[in-house]
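K.L.:
predicted model and sequence below, questions to follow.
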Amino acid sequence: MKVSRENYRKMNKGYNAIFDGLQEIEDITPEISMAMNQALNILDACLDEVKKCIVEDDEPSKTRPDTSGFTVI
């Protein structure tokens, strides 16, 4: 699986919106609160796995010469 950093950020932003929205709900039943917390825990674990699959957006080109040993004066 390959995921762009921007796509991961969008998914994480959605997670944060759900979490923040849940905090604003008044008179939430304990059953709904528990179910949403379980769902958020599962989603958080999934996002952790997705984060491991981030592909750098601007990977160095293999045709570009290695100039790491040179100093610019």
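P.N.:
Arrived safely. All values reported here derive from a predicted model rather than from experimental measurement.
K.L.:
low pLDDT regions in the chain?
P.N.:
Residue ranges of the chain with pLDDT under 70: 57-73.
K.L.:
for it, which segments count as helices?
P.N.:
Along the chain, counting by DSSP state H, helices occupy 5-23, 30-51.
K.L.:
list the contacts for Asp44?
P.N.:
Contacts for Asp44 (Cβ atoms under 8 Å, 6 or more residues apart in numbering) come out as Tyr15. (C-beta placed from N, C-alpha, C; glycine too.)
K.L.:
how near is it to Ala35?
P.N.:
15 Å (Cβ to Cβ, to the nearest Å).
K.L.:
try Lys10
P.N.:
Lys10 is 24 Å from Ala35, by Cβ to Cβ.
K.L.:
what of Tyr15?
P.N.:
16 Å.
K.L.:
what do you get for Cys46?
P.N.:
When Cys46 is compared with Ala35 (using Cβ to Cβ), they lie 17 Å apart.
K.L.:
go on, Cys53?
P.N.:
For Cys53, the distance to Ala35 - Cβ to Cβ - is 28 Å.
K.L.:
quick one: Leu43 and Ala17 touch, right?
P.N.:
No - between Leu43 and Ala17 no contact is recorded; they are 11.7 Å apart, counting by Cβ atoms under 8 Å.
K.L.:
looking at these two, which is more packed in?
P.N.:
Leu43 (16 against 10; other Cβ atoms under 10 Å).
K.L.:
what sits against the more buried one?
P.N.:
Counting by Cβ under 8 Å, 6+ apart, Leu43 has contacts 15, 18.
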